[in-house]
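Visitor: Here is my input; please provide its structure:
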Amino acid sequence: MLKAVVFDWAGTMIDYGCFAPLAVFIEVFKRRGIDVTPEEAREPMGLLKRDHIRAICRMERICTQWEKLYGKKPDEVDVEALYAEFEPMMFTGLEKYALPVPGAVELAERLRERGLKIGSTTGYTAEMMKIVAAAARERGYKPDAIVASDEVPAGRPEPWMCYENAKLLGVYPMSAMVKVGDTVSDIREGKNAGMWTVGVVKGGSELGWSREQVAAADPVLLAQKAAEAAERFRKAGAHFIIDEIGKLDEVLDEIEDRLGRGERP
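Guide: Numbering: from 1, shown residues only. Below you'll find the model as predicted:
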């Protein structure tokens, strides 16, 4: 049956709304005279941060602004220069964004009670994760395995971080593992690895709202935005979509039922 669950970090188990990298992406482009909207900055969320910058640079609106200012489209030299500014800025704010989302610590305890191992993948680098993991551990969340995007041949949506989790956890086949995340790239990563996939709406980057925004939102608008996020997960091929992380247990029960009937992801 199920043997392990592999979680994303920011927007899934910590950093409600996935805000830690958002302002930094916007700021590094602003310093070059380029206006990046929050929606544009969020679109590639979940990728290796260098790949994230590269994805923003490929956006048509961003390319147009860059060409007007610099007479050419952004190239790899520009990507590297932007990332060189991005990384030190990220380090300054990581610790304060490592607060577990509501229900995450309790969920991890329940998973261990049912005999499941807990892995994790991230768009952060290994050096960033040293800060994030230590701060999250102090607040009660400690997975059994952590694999960063710069520790494998390629980050999301490639499956290598999930495969490395399987190796570190001593778990196989991949159909006995579940990938849980808050971005489309999380879902594609899990699908490419041959795992069951679960998208999380509230607290995640696809919705992109803080706890305060969710609590104060008009119910009709919140439902609309949540449905839009869920549809993006469906289009990416998510097997399941949950409203919030604390509701994962019911999905795991259904997956085990389906495995028992011989189904595979």
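
Visitor: Now do the helices in the protein.
Guide: Secondary structure of the chain (DSSP state H): helices located at 22-30, 38-42, 49-57, 60-70, 76-91, 104-113, 126-138, 160-169, 184-192, 211-216, 219-236, 248-260.

Visitor: what's next to the longest one, contact-wise?
Guide: Going back to what we said before, that points to helix 219-236. By C-beta atoms under 8 Å, 6 or more residues apart in numbering, the residues outside helix 219-236 that reach it are 184, 187-188, 191, 199, 201-202, 204, 206-207, 209, 214, 241, 243. C-beta coordinates here come from the backbone N, C-alpha and C atoms, glycine included.

Visitor: Restrict the residues you listed to the buried ones and give me that as a ChimeraX selection.
Guide: In ChimeraX, selecting the buried portion of those, with burial taken from 16 or more other C-beta atoms under 10 Å, looks like this:
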select :184,187,188,191,199,201,202,204,206,207,209,214,241
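
Visitor: Mind picking the two most distant members of the contacts of helix 219-236?
Guide: 191 and 214 (27.4 Å; C-beta to C-beta).

Visitor: quick one on the thing from earlier: got the contacts of helix 219-236 as CSV, with pLDDT and distance to residue 35 columns?
Guide: Putting the contacts of helix 219-236 into CSV (pLDDT from 0 to 100; distance: C-beta to C-beta, whole Å) gives the following:
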residue, pLDDT, distance to residue 35
184, 96, 24
187, 98, 29
188, 97, 28
191, 98, 34
199, 98, 29
201, 98, 28
202, 97, 28
204, 96, 25
206, 95, 22
207, 96, 23
209, 95, 22
214, 96, 27
241, 98, 32
243, 97, 33
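
Visitor: can you put the contacts of helix 219-236 in TSV and add distance to residue 166?
Guide: Below are those laid out as TSV (distance: C-beta to C-beta, whole Å):
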residue	distance to residue 166
184	22
187	18
188	17
191	15
199	21
201	27
202	28
204	24
206	26
207	29
209	33
214	34
241	24
243	28
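
Visitor: List just the nearest of the contacts of helix 219-236 to residue 90.
Guide: Of the contacts of helix 219-236, the one sitting nearest to residue 90 (C-beta to C-beta) turns out to be residue 204, at 19.2 Å.

Visitor: what's near enough to touch the closest residue to residue 176 other than its chain neighbours?
Guide: In this structure, residue 176 finds its nearest non-sequential neighbour in residue 3, 4.3 Å apart by C-beta to C-beta, 6 or more residues apart in numbering. Residues near residue 3 by C-beta under 8 Å, 6+ apart: 116, 117, 169, 171, 176, 177.

Visitor: quick check: domain ranges of the chain?
Guide: Domain assignment for the chain by automatic domain parsing gives 4-18+97-257, 22-92.
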